[in-house]
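>>> Provided below are the primary sequence and the corresponding predicted coordinates.
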Amino acid sequence: MKLLIVYGTTEGQTRKIARFIESALEDCGHHVTIADASDDPPPASEFDAVLIGASIHIHSYQPAVAHYVRQNVQVLNQKPSGFFSVCLAVASDLEEEHREAEKIASDFLIKVSWSPKMVGHFAGALKYTQYDFFKRLVMKMIAKREGRSTDTSQDYEYTNWDAVKAFAMDFAGKLEVVKT
């Protein structure tokens, strides 16, 4: 099948996750095109299925992702599609953090009128080396509260790659059902 992955990223972790999913789906024999939402991705109508990923920053996703979904929502609602949300809160041990991340995703999907067949939630990364002074300070305080590393001289990845692969395989499995 011909698949499209569109992603929005701020520090690059969502792109890394999208590339990982791309590789997993190609290993299943699918032809995958990947595009950054801010780079004028191709229309969803040109593909058999679409995955869209975005990261949560300050309780919202990248505007380019919302714009892409709104432009293609009718097609997205008619064919196999999935959404993956990347948020550091997913790595939290606090259930309320998980619920908040899920609510942000749910509210986003309602706002753009999209009903994807699958939704995945993945932890992102602390990219201390890419943050400006203020953001580094805020993220360090959050990390300390969560019991995470506060050494700002390096970055920390919290993405569960097994969960990402399971999401990709589940999506691929749903495509096989559609194909038959």
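That came in fine, so what should we check first?
>>> which SS class is the most centrally placed residue in the chain?
Nearest to the geometric centre of the chain sits residue 53, at 3.1 Å (Cα atoms, centre = their mean). For residue 53, the assignment made with DSSP: H, G, I helix; E, B strand; the rest coil gives strand.
>>> right, and it touches residue 20 too?
No - counting by Cβ atoms under 8 Å, residue 53 does not reach residue 20; the two are 10.5 Å apart. (Each C-beta comes from the backbone N, C-alpha and C, glycine too.)
>>> got any residues that touch both of these two?
With contacts defined as Cβ atoms under 8 Å, 6 or more residues apart in numbering, no residue is shared by residue 53 and residue 20.
>>> okay, and the beta partners of the residue nearest to the centre of the chain?
Note on residue 53: beta-bridge partners residue 7, residue 84, judged by DSSP bridges.
>>> which residues touch it?
5-8, 14, 17-18, 21, 83-86.
>>> could I get these as CSV with neighbour count?
CSV is the format used below for those (neighbours: other Cβ atoms under 10 Å):
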residue, neighbour count
5, 24
6, 26
7, 29
8, 24
14, 29
17, 27
18, 26
21, 28
83, 25
84, 26
85, 25
86, 30
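>>> are we agreed that residue 33 is in a strand?
Yes - looking at residue 33 with three-state DSSP, it is inside a strand.
>>> which pLDDT does the model give it?
On the pLDDT scale, residue 33 is placed at 98.
>>> over to the one 5 residues further on?
Residue 38 is assigned 97 on the pLDDT scale.
>>> for it, what are its contacts?
By Cβ under 8 Å, 6+ apart, the contact set of residue 38 is 8, 62, 64.
>>> helices and strands around the helix or strand encompassing residue 110, which ones?
Residue 110 is located in helix 95-111, with elements delineated by DSSP states H and E. Using 3 or more Cβ pairs under 8 Å, 6 or more residues apart in numbering; DSSP states H and E, the elements in contact with helix 95-111 are strand 81-86, strand 118-122.
>>> CA atoms only for the lengthiest helix in the chain - export them in PDB, please.
Assignment by DSSP state H gives helix 161-179 as the longest helix of the chain. Taking Å, rounded to 0.1, in the frame of the first residue of the first chain, the C-alpha atoms of helix 161-179 are listed here in PDB:
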ATOM      1  CA  TRP A 161      10.600   2.300  20.900                       C
ATOM      2  CA  ASP A 162       8.900  -1.000  21.500                       C
ATOM      3  CA  ALA A 163       5.600   0.900  21.900                       C
ATOM      4  CA  VAL A 164       6.300   2.900  18.700                       C
ATOM      5  CA  LYS A 165       7.000  -0.400  16.800                       C
ATOM      6  CA  ALA A 166       3.800  -2.000  18.200                       C
ATOM      7  CA  PHE A 167       1.800   1.000  17.100                       C
ATOM      8  CA  ALA A 168       3.300   0.800  13.600                       C
ATOM      9  CA  MET A 169       2.600  -3.000  13.400                       C
ATOM     10  CA  ASP A 170      -0.900  -2.500  14.700                       C
ATOM     11  CA  PHE A 171      -1.500   0.100  11.900                       C
ATOM     12  CA  ALA A 172       0.000  -2.200   9.300                       C
ATOM     13  CA  GLY A 173      -2.200  -5.100  10.500                       C
ATOM     14  CA  LYS A 174      -5.300  -2.900  10.100                       C
ATOM     15  CA  LEU A 175      -4.200  -2.100   6.600                       C
ATOM     16  CA  GLU A 176      -4.000  -5.800   5.800                       C
ATOM     17  CA  VAL A 177      -7.600  -6.200   6.900                       C
ATOM     18  CA  VAL A 178      -8.600  -3.300   4.700                       C
ATOM     19  CA  LYS A 179      -6.700  -4.800   1.700                       C
END
